[in-house]
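K.L.:
Need coordinates for the below:
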Amino acid sequence: MKKTEIAYLAGLIDGEACVSLEKKSKRHNGLRPVIEIAMTCEKTIKYIHSITKRGTVRPKKVSRKHYKPVWRWSVRYNDARFIASMVLPFLITKKFEATNLISHVPLKSGRHRKQIAN
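P.N.:
The predicted structure is shown next:
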């Protein structure tokens, strides 16, 4: 990714994202790192996905019929850790959350570990 794209993504994360360590299911102990951006502009969400080449894009259920459709890009586990470490120098508002996400999440094995090495 270009530096300008990383800075743009950091701005979106600062303003629109949820950066968190969320609980896994009741059957599994521990936390999983998540970065999620939700907005009504599908074009922006798809752009984020195209520049990061990570995560998933899905429509989010709206609570009322008259609400606009909402689109969600989310990354989990090591993809979230990778994105957080990439945008960290540009973050202001979510810097603490991103630092926490990076420092408290152990690496998973398998394909995710290879992505971090890139």
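K.L.:
Just to check, Asn100 is in contact with Leu21?
P.N.:
Yes: checked against CB atoms under 8 Å, the pair Asn100 and Leu21 is within contact range at 7.0 Å. Bear in mind the C-beta positions are built from the backbone N, C-alpha and C, glycine included.
K.L.:
so where's the longest strand in this structure?
P.N.:
For the chain, the strand with the greatest residue count under DSSP state E is strand 31-39.
K.L.:
Where does pLDDT dip in this protein?
P.N.:
Scanning the chain for pLDDT under 70 picks out 25-29, 105-118.
K.L.:
Do a quick rundown of the strands in it.
P.N.:
17-23, 31-39, 56-60, 70-76.
K.L.:
export these to a markdown table and tack on distance to Thr93 and mean neighbour count?
P.N.:
Shown next, in a markdown table, are the strands of the chain (distance: least, CB to CB, whole Å; neighbours: other CB atoms under 10 Å):
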| stretch | distance to Thr93 | mean neighbour count |
| --- | --- | --- |
| strand 17-23 | 9 | 17 |
| strand 31-39 | 13 | 20 |
| strand 56-60 | 22 | 13 |
| strand 70-76 | 18 | 20 |
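K.L.:
Serialize those to a markdown table and add fields for distance to Leu88.
P.N.:
Shown next, in a markdown table, are the strands of the chain (distance: least, CB to CB, whole Å):
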| stretch | distance to Leu88 |
| --- | --- |
| strand 17-23 | 11 |
| strand 31-39 | 12 |
| strand 56-60 | 22 |
| strand 70-76 | 14 |
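K.L.:
Name the single longest helix found in the protein.
P.N.:
Secondary structure of the chain read by DSSP state H shows that its longest helix is helix 3-16.
K.L.:
How many neighbouring residues does Asp14 have?
P.N.:
Counted by other CB atoms under 10 Å, the residues lying close to Asp14 total 17.
K.L.:
you'd agree it is up against Lys94?
P.N.:
Yes: using CB under 8 Å, Asp14 is in contact with Lys94, at 5.3 Å.
K.L.:
Report the buried residues of stretch 8-16.
P.N.:
Buried residues in stretch 8-16, counting neighbours by 16 or more other CB atoms under 10 Å, are found at Tyr8, Leu9, Ala10, Leu12, Ile13, Asp14.
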